[in-house]
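Colleague: The following comprises the amino acid sequence and a computationally predicted model.
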Protein chains: 2
Amino acid sequence: MNESAAPGRVGDVRRRNLSLVLDSIARTGDAKPSRAQLAAGTGLTKAAVSSLVADLVESGLVSEVGLYRDGERGRPGQGLELSARRGVVGMEINVDYLAVGLVDLGGNLRFHSTVESRNRGLAPDKVMERLGALTAEVKAAAAAENIAILGGGLAVPGLVDEQRNVVVSAPNLHWEREQLNPQSLLEGAPLGVRLSNEANSAALGELWYGAGQPDFLYVSGEVGVGGGVIIASELYTGPGGSAGELGHIVVHPEGPACSCGGSGCLETFAGQEAIFEAAGTPAGSLGERTHLLLGALAAEDPRATKAVHDAGRYLGIALASSARLMDIEAVVLGGHFALLADWLKPSLLSSLERYAPGLLDPSRLTVSGLEHSGTLLGAAGQVIRSVIESPFEFLLASKLA
Amino acid sequence: MNESAAPGRVGDVRRRNLSLVLDSIARTGDAKPSRAQLAAGTGLTKAAVSSLVADLVESGLVSEVGLYRDGERGRPGQGLELSARRGVVGMEINVDYLAVGLVDLGGNLRFHSTVESRNRGLAPDKVMERLGALTAEVKAAAAAENIAILGGGLAVPGLVDEQRNVVVSAPNLHWEREQLNPQSLLEGAPLGVRLSNEANSAALGELWYGAGQPDFLYVSGEVGVGGGVIIASELYTGPGGSAGELGHIVVHPEGPACSCGGSGCLETFAGQEAIFEAAGTPAGSLGERTHLLLGALAAEDPRATKAVHDAGRYLGIALASSARLMDIEAVVLGGHFALLADWLKPSLLSSLERYAPGLLDPSRLTVSGLEHSGTLLGAAGQVIRSVIESPFEFLLASKLA
DNA sequence: TCCAATTAGTTTTCAATCTGAACTATATGG
DNA sequence: CCATATAGTTCAGATTGAAAACTAATTGGA
């Protein structure tokens, strides 16, 4: 007999409805709904909502925030919101910097700190030590604002094994199969720390806290070219968890060799390194080179202009193929593609028009507005969403404690 | 307040468990499980399984098939199976032929008939009329075997709007926005007739009735190059329902114009027409040209060999990009790629190794064994699966009748 | 032949959970 | 100050699966 899914129990109904109510509160956001409004919005009876909300309030996930009035007759409702006294820490390790932030359950970035750190080639232990110093700042800020830290999310620029806390491969950090211990950054946080991929987290940040649309491809141009695929408001990770590798789509059969072992990959035409080299930007720190490149573009330097133009053309080819294959109708540019968007977009759009006419409406090619905090918000948001999607487990744990 | 998902009701538990039990019976297949075995397999109690099975038997979906013995002590169990007296009709409209089949709930193809029909450019009404004549044969066969027809699935080589029964675009039939009335083919069938895409149906047929694996990309080389993406044992259709368009991945930036309006698409290198032309196969019917091409390959004709070799090379590029983007680790070749597999595979594999080394294990590039019946099985299977996934609705309907 | 052992399946009691209706609580406005 | 309106709670009733006790059917050995 094949293994099957778990059987439905009567108690599952409550699990689902707890999540439904919590999600309703989260999505209503600033409007701070009453129990009666939740009943109307979810289709549950007032009786059921009252009982569910009682559990959520008792666990501390939801707070009552005074009476709700809108000038009409009748008894006023009690406004409800996700507790502003519970937070999750977002953390990011990138090639040239470390960043941390504190996000409350409502998705507000309550504290934020970034430090430059040349992490390329540095041992994971060393990087984690530096990150630990930064998280100490977050803990202090949380204590000062009386926010309990429930857990954390740590984003890294590479392929991760979330279950085992292993960075399988982060070529731009020169990390291969590195075992991390992210829990150590937040001892005692009940939900622990979840490791995630930087491009995926940025895509989720964009989904939940940025220009949310249910379906889009997020393109992350950091040192590598990464991508995050959002379908029906969920991250598509593929069977093995590494979907969205836009940087290694083949855009020219006779293209140069790529660090991945293949050849003709998008990254060899549109990665940061490739653009800097084609533009003739001298070696230096990322910040310096970016500054120089933007300056050259502003001065209409022909070499820099052509470099970015070509990158846009090949990015257009990769997006045309991706959009056809995955049926994607919207694209959000992040990372250095966001910085270069003004110079990149014309050739990108004309390339899309040449290789997949009519497929992608130009108005649906947008630039991320979250900048670097998108990754932090997404990394923390994954933990927040996991609570919203299964609050029952959280209630159990908080009842025991 | 945002619209939310439907609230959980106590009755949902039974919906889910009915499906769980039915699915368990379906997956156990020829082993014909007893109630006690189902209880062990699903995690439900014997009492619950008995009650659920009683409903399923009453509705006619499940039959008891005598006592189950395996030489051990104790009371023998009643074997259960999906009823062999209920069936679904699979139907296929393709460029050069029409096909119908009768599939019982257990997935057995009980009757099968194909006729040549040059449908390219023919009006949908005319084609549906011919198909109607063919379905009459199926109805007669079903009556003779005392099988009640529950519904049907109709696969066409194009993009469909399943909800509205519209063929949005089937370039190889020269159909654009054609409204069909598939229900008319099976008047009175309680589940109606579901319209679907041919490549997607073939992929699902492969999943359910062929070399089932939970994750793979099915490549359908009919007149166009189509694809079906199976992730976690489900068809991935994308937000708009048209994912898997492998034929229009850009494999060469300077490639020729494609019928889709783009250029450099895989279809211009590896579509049937492109291969026939490159191989120098003279014009004629599909059957004749295929026969000639296979003959030329067997005779090691250099032009034919090179044509197929090149097609394999570009197919490899498309698969490398797809595998990277969607994290796919297995590929099943169908349609004319299955026929050409012996000559295609070498260049395809070396191309994969060049553009995405190590990504796809050569042993996971396989050829479909279902041949043309895969599409029929998949088209019918979608209706069968819809019953297995929500039997509650079916029970309700059969109780009213 | 007959009974202990074993396995299949049913019946009964109980707890969880939602619905629906009746009820209480708290506001507005004439 | 009371009619009206809206928010929220309480309680009986229905559905459902779990758990345990029960009945049914078969084998094998005394």
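Modeller: Structure received.
Colleague: so what pLDDT did the closest residue to A:Asn181 other than its chain neighbours get?
Modeller: Of all residues not flanking A:Asn181 in the chain, A:Asn165 sits nearest, at 6.7 Å (Cβ to Cβ, 6 or more residues apart in numbering or on different chains). In short, each C-beta sits where N, CA and C put it, glycine included. With respect to pLDDT, A:Asn165 scores 98.
Colleague: roughly how far apart are the closest residue to DNA strand D within the stretch 151-300 of chain A and A:Leu370?
Modeller: Distances between the stretch 151-300 of chain A and DNA strand D by Cβ to the nearest atom of the strand are smallest at A:Trp208, namely 26.4 Å. Distance of A:Trp208 to A:Leu370, computed by Cβ to Cβ, to the nearest Å: 10 Å.
Colleague: Give me the common contacts of those two.
Modeller: Here A:Trp208 and A:Leu370 share the contacting residues A:Leu377, scored by Cβ atoms under 8 Å, 6 or more residues apart in numbering or on different chains.
Colleague: in what helix or strand does A:Asp125 lie?
Modeller: Here A:Asp125 is covered by helix A:124-144, with elements defined by DSSP states H and E.
Colleague: re earlier: thought the residue nearest to A:Asn181 was touching A:Glu178?
Modeller: No: A:Asn165 lies out of contact with A:Glu178 (Cβ atoms under 8 Å); the separation is 9.6 Å.
Colleague: more neighbours, these two?
Modeller: Legend: neighbour count by other Cβ atoms under 10 Å in any protein chain shown for A:Asn165 and A:Glu178, higher for A:Glu178 (21 against 18).
Colleague: Doesn't the more buried one lie inside a strand?
Modeller: Yes: assessed by DSSP: H, G, I helix; E, B strand; the rest coil, A:Glu178 belongs to a strand.
Colleague: wait, it sits on A:Lys126?
Modeller: No: at 11.6 Å, A:Glu178 does not count as touching A:Lys126 under the criterion of Cβ under 8 Å.
Colleague: Doesn't A:Gly244 lie inside a helix?
Modeller: No: assigned with three-state DSSP, A:Gly244 falls outside any helix and is coil.
Colleague: re the thing from before, could you tell me the phi and psi values at the residue nearest to A:Asn181?
Modeller: Note on A:Asn165: its backbone torsions stand at phi 60, psi 40 [degrees, to the nearest 10].
Colleague: now that we're looking at it, which residues does it contact?
Modeller: Counting by Cβ under 8 Å, 6+ apart, A:Asn165 has contacts A:179-183, A:195.
Colleague: quick one: the helix holding A:Asp125 to chain centroid distance?
Modeller: Distance of helix A:124-144 from the chain centroid (Cα atoms, centre = their mean, to the nearest Å) equals 20 Å.
Colleague: With stretch A:253-265 instead?
Modeller: 28 Å.
Colleague: contacting residues around that stretch?
Modeller: Applying Cβ under 8 Å, 6+ apart, the external contacts of stretch A:253-265 come out as A:171, A:247-252, A:267-269, B:251-252, B:314, B:317, B:320, B:354-358.
Colleague: could you redo the last one with a cut-off of 7 Å?
Modeller: By Cβ atoms under 7 Å, 6 or more residues apart in numbering or on different chains, the residues outside stretch A:253-265 that reach it are A:171, A:247-252, A:267-269, B:251-252, B:317, B:320, B:354-358.
Colleague: Just give me the neighbour total for A:Leu44.
Modeller: Other residues near A:Leu44 number 24, with proximity taken as other Cβ under 10 Å.
Colleague: ok, it - contacts?
Modeller: Applying Cβ under 7 Å, 6+ apart, we find A:Leu44 in contact with A:17, B:7.
Colleague: helix/strand/coil for it?
Modeller: Secondary structure state of A:Leu44, per three-state DSSP, is coil.
Colleague: And the pLDDT at it?
Modeller: For A:Leu44, the pLDDT comes out at 97.
Colleague: what's the spacing between A:Leu134 and DNA strand C?
Modeller: 41 Å (Cβ to the nearest atom of the strand, to the nearest Å).
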